[in-house]
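**Student:** Build me a model from this:
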Amino acid sequence: MMLFNVIIVWLWRQWMEHLTALQELQKENVINNIYINDPFNKNIEHIYTSNIIQIHTITDITEYKIDFGIVSTPNILQADIVKILIENGIHILKEKPFFMDSITMNTMLSLAQERSVIIKCAQQREYNGMYSILEKYISQLWQIHLVNYDFTLNDKNNSWYWEQELGWWVFYGLTWHCLHFYIKFFWIPKRFIVKKVNSSSRPWKYNSDDSNFVTLEYQNGMIGSIYTSVVSPAKRESIEIHGSNGTLFLNRHDICVIISWVETIYPVSFSNGYKEQILDFIHLISSEKWTFIDKNSQAILSLIESSL
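**Tutor:** This is a model prediction of the structure:
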């Protein structure tokens, strides 16, 4: 069985989850070496071993055999890193956003196609069990009329996430997650409205919004809404769906389903989805499906651009 070499570029957003998943796959003889390029994180020397190897400069990757990379950099640096990986024939699983604009996206995808490189946007909820539960019940609700997705955090850390040019924490993080759900299950709405709020409710100055209110209107009359925030008192995530034959309410702890006026409540548990996502990406690049296109991520970026 082929063992894969992977590089994590920058240890920022969700880096520990990616690294933990890769270490588990090392034990299962799926991953060989893990390379890490993070020139600014000085407190990680303890993680390096004989098969977790530091690469000081990203251009040094030419000296190693690397099959795919996980890109988790500030948004403004993503395109430069992606271009270097593509030029070295390295497949890419990158954190949100897919790209900051469609011009950059089309340029990178064209270059990737020339080099037979696959680029996929990380979307852990597609692999953590949440979507499989939704797929089981949505069809039983019949005609969907109303959908609401709430996703909130209480972020007390002053980091680059709060700078629009670097992180844009809410819009390109939490809201992106929610939009992926809508695109996957209901595709593109005919009308998309975003209200961005900067409440200035943290003791430091920041120039990005901290809460989003989104409305999605579909051709068949369905209405969707999204509320995301990083200044909420608590972390919560819930999806509520109303159809002509019932209602579904799903959160991180349980699901309530009402079908034909019969209510059922039972507990649920989810993985974080990182290991499953990496395994699926390995399967994708092993299948040599160079024509793969991340249509969902392209659709999300198109929606976001329409609101700017």
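**Student:** right, and the helix or strand after the lengthiest strand in the chain?
**Tutor:** Of all the segments of type strand in the chain, defined by DSSP state E, the longest one is strand 231-243. Tracing the chain past strand 231-243, the next element assigned as helix or strand by DSSP states H and E is strand 246-251.
**Student:** Verify the stated contact: Glu240 with Asn251.
**Tutor:** No. Counting by CB atoms under 8 Å, no contact exists between Glu240 and Asn251, whose distance comes to 9.3 Å. Where you see a C-beta, it was placed from the backbone N, CA and C, and this is true even at glycine.
**Student:** Return the residues in contact with the residue most central in space within the chain.
**Tutor:** When the chain is reduced to its mean C-alpha position, the closest residue under CA atoms, centre = their mean turns out to be Gln123, at 3.5 Å. Contacts were defined as CB atoms under 8 Å, 6 or more residues apart in numbering; by that measure Gln123 touches Lys96, His177, His180, Gln277, Asn296, Ser297.
**Student:** got the residue ranges for the strands in the stretch 51-200 of the chain?
**Tutor:** Along the stretch 51-200 of the chain, the segments classed as strands by DSSP state E, counting those that start in this stretch run 52-54, 68-71, 91-94, 119-121, 144-154, 191-197.
**Student:** So what touches the following helix or strand past the last one?
**Tutor:** The one in question is strand 191-197. Where DSSP H and E defines the elements, the next helix or strand beyond strand 191-197 is strand 211-217. Outside of strand 211-217, the residues that reach it under the criterion CB under 8 Å, 6+ apart are 170-171, 174-175, 178-179, 182, 186, 189-197, 199, 223-231.
**Student:** For ChimeraX, write the select line for the buried members of the residues you listed.
**Tutor:** Typed into ChimeraX, the line below selects the buried ones among the contacts of strand 211-217, using 16 or more other CB atoms under 10 Å:
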select :170,171,174,175,178,179,182,186,189,192,194,196,223,224,225,226,227,228,229,230,231
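**Student:** which intervals of the stretch 201-308 of the chain have sub-threshold pLDDT?
**Tutor:** Along the stretch 201-308 of the chain, the model assigns pLDDT under 70 to residues 288-291.
**Student:** redo that, cut-off 50
**Tutor:** Across the stretch 201-308 of the chain, not a single residue meets the criterion (pLDDT under 50).
**Student:** Now do the same contact list for the residue lying farthest from the centre of the chain.
**Tutor:** What lies farthest from the middle of the chain is Trp261; by CA atoms, centre = their mean that is 35.2 Å. With contact set as CB under 8 Å, 6+ apart, Trp261 has these partners: Gly246.
**Student:** Phi first, then psi, for it.
**Tutor:** Note on Trp261: its backbone torsions stand at phi 70, psi 20 [degrees, to the nearest 10].
**Student:** That one and Thr247, how far apart?
**Tutor:** Distance of Trp261 to Thr247, given as CB to CB, to the nearest Å: 10 Å.
**Student:** How about Thr104?
**Tutor:** On the measure of CB to CB, Thr104 and Thr247 end up 41 Å apart.
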